[in-house]
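Colleague: have a look at this prediction, sequence included:
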Amino acid sequence: MLFVMERCVMAIEIIATGRAIPPNRVTNDDLAQRLDTSDEWIRSHTGIRARHLADTGIASSDLALEAGKQALAQAIERGMVEEKTPEELALTLDLVIVGTSTQDFHGTPSTACVVQDKLEARNAGAFDVSAACTSFIYGLESAAGLLAVNASRKRALVIGAEVLSRITDWNDRSTCILFGDGAGAVLIEKTAAPSSGPGRRGLLRTVLGSDGSGRESLIVRRGGSRAPFQKGEVVEIPACVEMDGRAVYTFAVKAVTDTIERLLAEEGIGLNDVARIVPHQANARIVAAAGKRLGITDDKFFLNIEEYANTSSASIPIALDELNRSAQIKRGDLVLTIGFGGGLTYGGNLIIW
Ligand code: ACO
């Protein structure tokens, strides 16, 4: 009962954002120099022009740390917290959650623990979320729930971070053109604002879904307990993503339309109430097809896939940070996020900014 009461009266608000983009920018033309592809094919089939790739030695936690630090710094700069330094603010974190498919280490330790240590967030619990490109949606809802159920928890850092270039087969033109590296972060806080009724704020509602029967559509087959590398085995290519592009496309268009329709219906609102839709940046054609089905104009969707390609868990928080820093979303706007990807998984959030 206490749980229900508290969730009704306390808002879970995003108070700051950050992102980390590796400086190494690789264009479609760069790829076309060593692969049988072209800028025209990639742009017309995906909407991608470039991607940013992490240098050797940079792991997901390095990008996650940078994005997280930026979010902490922004909260201080904008006067969203009483703490005066990022170090002080890090000590107030109750949770560090990292969504990623490219953990620094296989199995353990979690990438979140590496970030927690380097941030010196000594009072925080830390864990990874593994829901492929939907990880940020799952992570945000997990963080919100964990803050809501315990009166002493107040703040969480939720990060999506990927170095997908390490699980990409750079000789497979049907997948390697799609992916990029990066990280995005949001700092969330349980505030005294209402989460329902007049003046409500923050995370209003989340949809989470999955269909594990589609797990083979997007899969890293080797290296796990199902197919571990064997002693003496000669590995031709590192463990990498295999994808049934057509199956993922069909699933993704339905996931986007279903998630939008369900969030709006459950909240009892219409598309006109939503200021911005922030989809996972997998492929501009997926978003266009879903928009056409629902009669949504292109300018309602925020797309930055052209510059960053598909950064999986990181794509939604990177987009939120771009929108936030450029004041394209402002306090009070209703923002709808949608994730979809491996698992298969999908989901979305409705957030009053
Ligand atoms: N350059 C040039 N030609 C290519 C390339 C390339 N990079 N990749 C494939 N082709 C060729 C194929 O070989 C094929 O040639 P063929 O007809 O001679 O056999 C032709 O282009 C058509 O290939 P398809 O795979 O049928 O191309 P399609 O139109 O389906 O587009 C794509 C492929 C873009 C991957 C599409 O299936 C798609 O958008 N799928 C969704 C998958 C996705 O977005 N995944 C992102 C990761 S998952 C996630 O984030 C949810």
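Modeller: Okay, I see it.
Colleague: make it CA atoms for all contacts and neighbour counts henceforth
Modeller: Noted.
Colleague: right, and Leu65 touches Leu119 too?
Modeller: Yes - Leu65 is within contact range of Leu119, at 7.2 Å (criterion: C-alpha atoms under 8 Å).
Colleague: neighbour count winner among those two?
Modeller: Taking other C-alpha atoms under 10 Å, Leu65 and Leu119 do not tie; Leu65 has more neighbours (27 against 19).
Colleague: pLDDT score for that one?
Modeller: Looking at Leu65, its pLDDT stands at 98.
Colleague: quick one, what contacts the residue in the stretch 251-353 of the chain that the ligand sits nearest to?
Modeller: Residue nearest to the ligand within the stretch 251-353 of the chain (C-alpha to the nearest ligand atom): Gly341, separated by 3.5 Å. Gly341 sits next to Ala131, Ala132, Cys133, Thr134, Leu218, Val248, Ala252, Ser312 when contact means C-alpha atoms under 8 Å, 6 or more residues apart in numbering.
Colleague: show me the contacts for the third one.
Modeller: Contact partners of Cys133, counting by C-alpha under 8 Å, 6+ apart, are His280, Ser312, Ser313, Ala314, Gly339, Phe340, Gly341, Gly342, Thr345.
Colleague: again, but for Gln230
Modeller: Not one residue lies near Gln230 by C-alpha under 8 Å, 6+ apart.
Colleague: same check on Arg215?
Modeller: Contacts of Arg215 (C-alpha under 8 Å, 6+ apart): Gly342, Gly343, Leu344.
Colleague: three-state assignment of it?
Modeller: Under the three-state scheme (DSSP: H, G, I helix; E, B strand; the rest coil), Arg215 adopts helix.
Colleague: so, low pLDDT: which residues of the stretch 101-250 of the chain?
Modeller: Scanning the stretch 101-250 of the chain for pLDDT under 70 picks out no residues.
Colleague: hmm, try it at 90
Modeller: Low-confidence segments of the stretch 101-250 of the chain, defined by pLDDT under 90: 192-200, 223, 228, 234-239.
Colleague: which residues of it fall in strands?
Modeller: Remark: strands assigned in the stretch 101-250 of the chain by DSSP state E, counting those that start in this stretch are 125-129, 155-163, 181-191, 202-210, 218-220, 241-243.
Colleague: closest to Leu303 out of the ones you listed?
Modeller: In terms of C-alpha to C-alpha, the element of the strands of the stretch 101-250 of the chain nearest to Leu303 is strand 181-191, at 15.0 Å.
Colleague: between the closest one and strand 202-210, how big is the angle?
Modeller: Inter-element angle recorded for strand 181-191 and strand 202-210: 130 degrees (by axes from the mean of the first three to the mean of the last three C-alpha atoms, to 10 degrees).
Colleague: only alpha carbons, please: show strand 181-191 as CSV.
Modeller: The C-alpha trace of strand 181-191 is given here as CSV (Å, rounded to 0.1, in the frame of the first residue of the first chain):
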residue,chain,number,x,y,z
ASP,A,181,29.4,3.6,-30.9
GLY,A,182,28.4,6.1,-28.2
ALA,A,183,26.7,6.6,-24.9
GLY,A,184,23.9,8.7,-23.4
ALA,A,185,22.9,9.3,-19.8
VAL,A,186,20.0,10.7,-17.8
LEU,A,187,20.1,11.7,-14.2
ILE,A,188,16.7,11.0,-12.6
GLU,A,189,15.4,12.2,-9.2
LYS,A,190,12.4,11.5,-7.1
THR,A,191,10.9,14.9,-6.5
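Colleague: surely Ala75 touches Val81?
Modeller: Yes - taking C-alpha under 8 Å as the definition, Ala75 is a contact partner of Val81 at 6.2 Å.
Colleague: quick check: neighbours shared by these two?
Modeller: What both Ala75 and Val81 touch, as defined by C-alpha under 8 Å, 6+ apart, is an empty set.
Colleague: the more surrounded of the two?
Modeller: Neighbour count, other C-alpha under 10 Å: between Ala75 and Val81, Ala75 has more, with 24 against 16.
Colleague: for that one, give its distance to Leu350.
Modeller: Ala75 sits 22 Å away from Leu350, going by C-alpha to C-alpha, to the nearest Å.
Colleague: so where does the residue in the stretch 1-150 of the chain that the ligand sits nearest to fall, helix or strand?
Modeller: Using C-alpha to the nearest ligand atom, the single residue of the stretch 1-150 of the chain nearest to the ligand is Thr37, 3.7 Å away. If you go by DSSP states H and E, Thr37 is not part of any helix or strand.
Colleague: please name the nearest non-neighbouring residue to it.
Modeller: Spatial nearest neighbour of Thr37, chain neighbours left out: Arg173 (7.0 Å); criterion: C-alpha to C-alpha, 6 or more residues apart in numbering.
Colleague: ok, that neighbour touching Leu35?
Modeller: Yes - here Arg173 reaches Leu35: they are 6.9 Å apart, a contact under C-alpha under 8 Å.
Colleague: which parts of the stretch 101-250 of the chain are helices?
Modeller: For the stretch 101-250 of the chain, applying DSSP state H, counting those that start in this stretch gives helices covering 111-119, 135-148, 173-176, 245-267.
Colleague: okay, those helices in a markdown table with distance to the ligand next?
Modeller: Formatted as a markdown table, those follow (distance: least, C-alpha to the nearest ligand atom, whole Å):
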| stretch | distance to the ligand |
| --- | --- |
| helix 111-119 | 21 |
| helix 135-148 | 11 |
| helix 173-176 | 4 |
| helix 245-267 | 4 |
